[in-house]
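Novice: quick one: sequence plus predicted model below, questions after.
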Amino acid sequence: MSDPSLPLRIQDNTLRDGHQSLFATRMRTEEMIRPAEQLDEAGFWALEVWGGATFDTMHRFLGEDPWERPRILKRHIRKTPCAMLLRGQNLVGYRHYADDVVNAFIDRACEAGIDVFRVFDALNDFRNLETAIDRIRVNGKHCQAAICYSLTSPRLGGDVYTIDYYLTKARELESMRVDSLCIKDMAGIMSPYDAWDLITHLKRHVRLPIHLHTHETSGMGTMTCLKAIEAGVDGLDTCLGPFAGRTSLPAAEPLVAALRGSRRETGLDLSRLIEAGRDLERLFPRYQSFLAPRRLSVIDDGVLAHQIPGGMISNLYNQLKEMHALDRLGEVCEEIPVTRKALGSPPLVTPISQIIAVQAVMNVLFGKYKMVSNQLKDLVLGLYGRPPGPVDPELRNRILKRDKRGTTPITGRPADGLAPELPRAAERIGNLARSEEDVLTYTLYPVTGEQFLRGKYKTG
């Protein structure tokens, strides 16, 4: 068991989750180099630089090869491990991929410079982590498994998300021989005293180091971090001040200052953090249009009802804006928890958050379940895994009544039904792919991936 009197370990998420939460993941690699060099000298436990939505956004909107970002940053980050967020069997995409894709992706990510993998499943169905965890261990990298934090009542407890639920999940991950455990509060809904109770129980019953990831969306983030520190949490996630707050993470600088002279003092170089933050401030004119929602308050008290995470909020805002339906944002936010409960109360994290958000938008704009996405059908059929709570049986039958696969959900590990994908993908993409990384890009994103590769190699 880790010693709660040891210095607090902090992972910086500025270069991944920070700009994903605030600026729809639009930060370019070249803009990261100088901050990365300064962060590398500050003394962080790890720097999260890849994963999440970065792979999608880079190839789709920025015209950058996603595989090059960790390689480039690794040349400038020489002292600190580089981390990524991996969605288990979803990798960095939006569906389950076959095991051969998962294995090849992790191998290539290790070669590109990733040292720490934070791996999670959107339904907390850890059968979807087995292949990824095994492959990370084969590569000798640090595997940090995450439990997605959610609520079914205003405080910890209720129908699904109880202390016992999280303890059971933590013990399950411990039995899978991961290196550390993360509680992933992507929406910033963990209250300070729930953090105290949860971390205290985990430290008593689990021998893994415990890391907490939370956001400032509700305004509780820094308070929650302090109570978790008092409870003995081993590590936290933060962002530099300019990329912190709002729907992003707590800022590093005030936490570093607050812990000075305490037994949990971080050892981080505050002057370097301030200097790096000043560099990031220069990017404000370029990205200020992405800040959402447009309101006076920098907190979103509504998140305590709809539980929408920061990255999802910014993307939802832009999607409704493009549909000329921004005036319906409030209705969509009210519909999301209703849709979520009917679908088994899953945590709102990618890709499940997108599936539920899209359905909520369609329910508001076109009528309740008048239109249903194929992804929602797959979710209800169990192809993403087992949700934490029961799916409304009448709704399931309504959604699947014309589906040729029937209305009975599968019960096995979803990936067991997937044939190897890479050979067929390589055959389809042909000479346009010039490396296994190109084949993986195409496999993860067949339409936009092919478009990117045509631009990359200047073909028709």
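Specialist: Arrived safely. Residues are numbered from 1 along each chain as shown.
Novice: strands along the stretch 1-150 of the chain, start to end?
Specialist: 9-12, 46-51, 82-86, 116-119, 142-148 (DSSP state E, counting those that start in this stretch).
Novice: partner strands of the fourth one, with direction?
Specialist: Yep, that's strand 116-119 we're talking about. strand 82-86 (parallel), strand 142-148 (parallel) (DSSP bridges).
Novice: show me where the stretch 51-200 of the chain has its helices.
Specialist: With helices called from DSSP state H, counting those that start in this stretch, the stretch 51-200 of the chain shows them at 54-57, 68-76, 99-112, 130-138, 163-175, 192-205.
Novice: tell me the most buried of those?
Specialist: helix 54-57 (a mean of 22; mean count of other Cβ atoms under 10 Å). Where you see a C-beta, it was placed from the backbone N, CA and C, and this is true even at glycine.
Novice: pLDDT weak spots in the chain?
Specialist: 1-5, 292-294, 309-311, 313-314, 460 (pLDDT under 70).
Novice: could I get the strands paired with strand 116-119 as CSV with mean neighbour count and distance to M190?
Specialist: As requested, the strands paired with strand 116-119 are exported to CSV (neighbours: other Cβ atoms under 10 Å; distance: least, Cβ to Cβ, whole Å):
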stretch, mean neighbour count, distance to M190
strand 82-86, 26, 18
strand 142-148, 25, 12
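Novice: using TSV, please lay out the ones you listed together with distance to V380.
Specialist: Shown next, in TSV, are the strands paired with strand 116-119 (distance: least, Cβ to Cβ, whole Å):
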stretch	distance to V380
strand 82-86	25
strand 142-148	19
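Novice: related to what we said a few turns ago, would JSON lines of the helices of the stretch 51-200 of the chain with distance to V372 be doable?
Specialist: Output for the helices of the stretch 51-200 of the chain, formatted as JSON lines (distance: least, Cβ to Cβ, whole Å):
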{"stretch": "helix 54-57", "distance to V372": "23"}
{"stretch": "helix 68-76", "distance to V372": "35"}
{"stretch": "helix 99-112", "distance to V372": "27"}
{"stretch": "helix 130-138", "distance to V372": "29"}
{"stretch": "helix 163-175", "distance to V372": "29"}
{"stretch": "helix 192-205", "distance to V372": "35"}
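Novice: out of those helices, which comes closest to L343?
Specialist: Closest approach to L343 among those is made by helix 163-175 (17.7 Å; Cβ to Cβ).
Novice: what's the closest one in contact with?
Specialist: With contact meaning Cβ atoms under 8 Å, 6 or more residues apart in numbering, helix 163-175 is reached by 124, 126, 129, 145, 147, 149, 156-157, 181, 183, 197-198, 201-202, 205-208, 388.
Novice: hmm, try it at 7 Å
Specialist: With Cβ atoms under 7 Å, 6 or more residues apart in numbering as the test, helix 163-175 has contacts from 124, 126, 145, 147, 156, 181, 197-198, 201-202, 205-208.
Novice: again, but for stretch 211-227
Specialist: Against stretch 211-227 from outside (Cβ under 7 Å, 6+ apart): 21, 144, 180-193, 195-196, 228, 233-237, 244-250, 254-255, 299-301, 303-304, 309-310.
Novice: same thing with stretch 58-70?
Specialist: 26, 28-29, 49-50, 54-55, 82, 108, 112-114, 437, 441, 445, 448-449, 452, 455-456.
Novice: drop anything exposed from those.
Specialist: 26, 29, 49-50, 54-55, 82, 108, 112-114, 437, 441, 445, 449, 452, 456 (16 or more other Cβ atoms under 10 Å).
Novice: quick one on the thing from earlier: of the contacts of stretch 211-227, grab the buried ones for ChimeraX.
Specialist: Command for ChimeraX, covering only those of these found buried under the criterion 16+ other Cβ under 10 Å:
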select :21,144,180,181,182,183,184,185,186,187,188,189,190,191,192,195,196,228,233,234,235,236,237,244,245,246,247,248,249,250,255,299,300,303,304,309,310
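Novice: out of the contacts of stretch 211-227, list just those in strands.
Specialist: 144, 180-184, 235-237 (DSSP state E).
Novice: ok, so of the residues you listed, who is nearest V364?
Specialist: Closest to V364, out of all of the ones in strands among the contacts of stretch 211-227 and judged by Cβ to Cβ, is K184, at 27.8 Å.
Novice: beta-bridge partners for the nearest residue to the closest one once chain neighbours are set aside, please?
Specialist: Once flanking residues are discounted, K184 sits nearest to A146: 4.2 Å by Cβ to Cβ, 6 or more residues apart in numbering. With DSSP bridges as the criterion, A146 is bridged to C182.
Novice: surely A146 touches V178?
Specialist: No. Counting by Cβ atoms under 7 Å, A146 stays clear of V178, with 9.6 Å between them.
Novice: spell out, range by range, the helices that occur in the stretch 251-400 of the chain.
Specialist: Under DSSP H, counting those that start in this stretch, the stretch 251-400 of the chain gives helices at 252-258, 270-281, 284-287, 303-306, 310-322, 329-342, 352-366, 374-380, 393-400.
Novice: list of residues touching the third one?
Specialist: This points to helix 284-287. 23, 26.
Novice: in it, which residues are buried?
Specialist: Y287.
Novice: what do you get for stretch 364-377?
Specialist: 364, 372, 375-377.
Novice: would you turn the residues you listed into TSV with distance to R405?
Specialist: TSV is the format used below for these (distance: Cβ to Cβ, whole Å):
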residue	distance to R405
V364	28
V372	14
Q375	14
L376	14
K377	8
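Novice: could you chop the chain up by domain?
Specialist: 9-289, 292-415, 421-456 (automatic domain parsing).
Novice: ok, now which ones touch the residue lying closest to W45 once chain neighbours are set aside?
Specialist: Distance criterion Cβ to Cβ, 6+ apart; nearest residue to W45, sequence neighbours excluded, is R9 at 3.9 Å. R9 makes contact with 45, 234-235, according to Cβ under 7 Å, 6+ apart.
Novice: distance of the residue most central in space within the chain from V116?
Specialist: What sits nearest the mean C-alpha location of the chain, by Cα atoms, centre = their mean, is G52, with 5.1 Å. Plainly put, G52 is 14 Å away from V116 if you go by Cβ to Cβ, to the nearest Å.
Novice: again, but for S289
Specialist: From S289 over to V116 (counting by Cβ to Cβ), the distance is 32 Å.
Novice: for the two, indicate the residue with more neighbours.
Specialist: V116 (21 against 12; other Cβ atoms under 10 Å).
Novice: hang on, the earlier thing: the residue nearest to the centre of the chain contacts R87, doesn't it?
Specialist: No. Counting by Cβ under 7 Å, G52 stays clear of R87, with 8.1 Å between them.
Novice: just to revisit the earlier point, and the helices of the stretch 51-200 of the chain: which comes nearest H324?
Specialist: Closest among the helices of the stretch 51-200 of the chain, using Cβ to Cβ: helix 54-57, at 22.9 Å.
Novice: G88 and G385, how far apart?
Specialist: In terms of Cβ to Cβ, G88 sits 9 Å off from G385.
Novice: name the residues contacting each of the two.
Specialist: Common neighbours of G88 and G385 (Cβ under 7 Å, 6+ apart) are 121, 128.
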